[in-house]
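Student: just need the structure, nothing else, for what follows:
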Amino acid sequence: MRIAMGSDHAGFLLKEDIKAFLIAEGHEIVDHGTDSEEPVDYPAFIAAAAHAVGNGECERGIVMGGSGQGEQIAANKVHGVRAALCHDLFLAELSRRHNDANVLSMGGRVVAPAYAREIVRVWLAAGFEGGRHVPRLEQIASIERGEL
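Tutor: Take a look at the predicted model:
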């Protein structure tokens, strides 16, 4: 799978850990930065990763910061992106099964790398259930188009 990644300085070490894990698992990574722990503002890095998902360049995206909250908010501003902040396995699975989340957000100051790898594994493996969830996603898309 082709996965876009982005982080700020607070999520950098977790991004690097997850990136190495995903490459070892056979995934292709498109890293939109940042490239160090030097303080930076996250929106541009997150927007780049989210746009790669929204425009179809990448199938999924993973973004990280200190808490992951700002990164989730920024990613969700991009048309076609459904970003979910997941700091446990239950939320990771439900974000995919019920919301068809295509971007995962996590906090490097919240979740340990070993657990983050498990969250990513569950999130990538879970499929969208469809069914009763489809009309809800269509309603969300209508909000995005300014119709609702």
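Student: now do the SS call for the residue nearest to E144 when sequence neighbours are not counted.
Tutor: Using C-beta to C-beta, 6 or more residues apart in numbering and skipping residues adjacent in sequence, the residue nearest E144 is H79, 6.0 Å away. No exception for glycine: its C-beta is placed from N, CA and C like everyone else's. Following DSSP: H, G, I helix; E, B strand; the rest coil, H79 is assigned to coil.
Student: burial check on H79, number of neighbours?
Tutor: H79 has 11 neighbours, counted by other C-beta atoms under 10 Å.
Student: L89 too?
Tutor: 15.
Student: same check, this time on the one 10 residues further on
Tutor: As a burial measure, N99 scores 17 neighbours (other C-beta under 10 Å).
Student: mind listing what's buried in the lowest-mean-pLDDT helix or strand in the chain?
Tutor: Lowest mean confidence among the helices and strands of the chain (mean pLDDT, DSSP states H and E): helix 134-144, at a mean of 95. Across helix 134-144, burial judged by 16 or more other C-beta atoms under 10 Å covers E144.
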